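Colleague: Just the structure for this:
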Amino acid sequence: MSDPTGRVPLAFAMWIAQLFFTILGAGHTVLSALSIASCTATSCDYAAFAASMNAFYIGSVVLLALAGAAIVLLRHHPAVVLAPVIGIVLLVLLFALTYAAGRAALTLPLFGNRPA
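Modeller: Sure thing, here's the model as predicted:
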């Protein structure tokens with residue numbers, strides 16, 4: 001039952017890193033909701049912004065669950081370390097896509113504040 005190669009503990013440590021990045025991303029999306037204060041009644045699409053935030057939340061939880069399940073299922077396979085690595089890469093991609101969608105919904109530039 002023990003893992004002499006150390007792959008499973010490494011995979012678990014990387015899953016913890018994925019969890020950490022998920023928490024950071026969720027925190028950023030919560031803080032990005034503060035950008036709504038700069039909206040007028042006609043300049044922002046609140047439904048699209050909420051959809052992008054929900055897509056990140058749901059997607060990140062699904063990626064965490066899938067990476068955890070892959071670690072359990074592949075615990076005897078050399079590829080066990082790849083599960084959280086793929087999860088982290090997909091999480092970063094998901095964050096980038098939902099960040100861009102959220103900024104577009106609030107009619108904000110990709111970086112920076114609303115032009116005066």
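Colleague: What distance do you get for the spatially most central residue of the chain to T98?
Modeller: The centroid of the chain falls nearest to L91 when counting by C-alpha atoms, centre = their mean (4.1 Å). Distance, L91 to T98, using C-beta to C-beta, to the nearest Å: 11 Å. For glycine as for every other residue, the C-beta is placed from the backbone atoms N, C-alpha and C.
Colleague: now V30
Modeller: 13 Å.
Colleague: Read off the pLDDT value for A51.
Modeller: As predicted, A51 sits at a pLDDT of 90.
Colleague: for the one 4 residues further on, same thing?
Modeller: You'll see A55 listed with a pLDDT of 92.
Colleague: same question, L93
Modeller: pLDDT for L93: 95.
Colleague: element containing it, please.
Modeller: helix 82-105 (DSSP states H and E).
Colleague: Alpha carbons of that helix, as CSV, please.
Modeller: Provided in CSV are the C-alpha atoms of helix 82-105 (Å, rounded to 0.1, in the frame of the first residue of the first chain):
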residue,chain,number,x,y,z
LEU,A,82,0.1,14.5,-14.1
ALA,A,83,-3.5,14.7,-12.7
PRO,A,84,-3.0,17.8,-10.6
VAL,A,85,-0.6,19.4,-13.1
ILE,A,86,-3.3,19.2,-15.8
GLY,A,87,-5.8,20.5,-13.2
ILE,A,88,-3.6,23.5,-12.5
VAL,A,89,-3.1,24.3,-16.2
LEU,A,90,-6.9,24.0,-16.8
LEU,A,91,-7.6,26.1,-13.7
VAL,A,92,-5.4,28.9,-15.0
LEU,A,93,-7.0,28.7,-18.4
LEU,A,94,-10.5,28.8,-16.8
PHE,A,95,-9.5,31.8,-14.7
ALA,A,96,-8.2,33.7,-17.7
LEU,A,97,-11.3,33.0,-19.8
THR,A,98,-13.8,33.9,-17.0
TYR,A,99,-11.7,37.0,-16.1
ALA,A,100,-11.9,38.2,-19.6
ALA,A,101,-15.6,37.4,-19.8
GLY,A,102,-16.3,39.2,-16.5
ARG,A,103,-14.3,42.3,-17.6
ALA,A,104,-16.2,42.4,-20.9
ALA,A,105,-19.5,42.1,-19.1
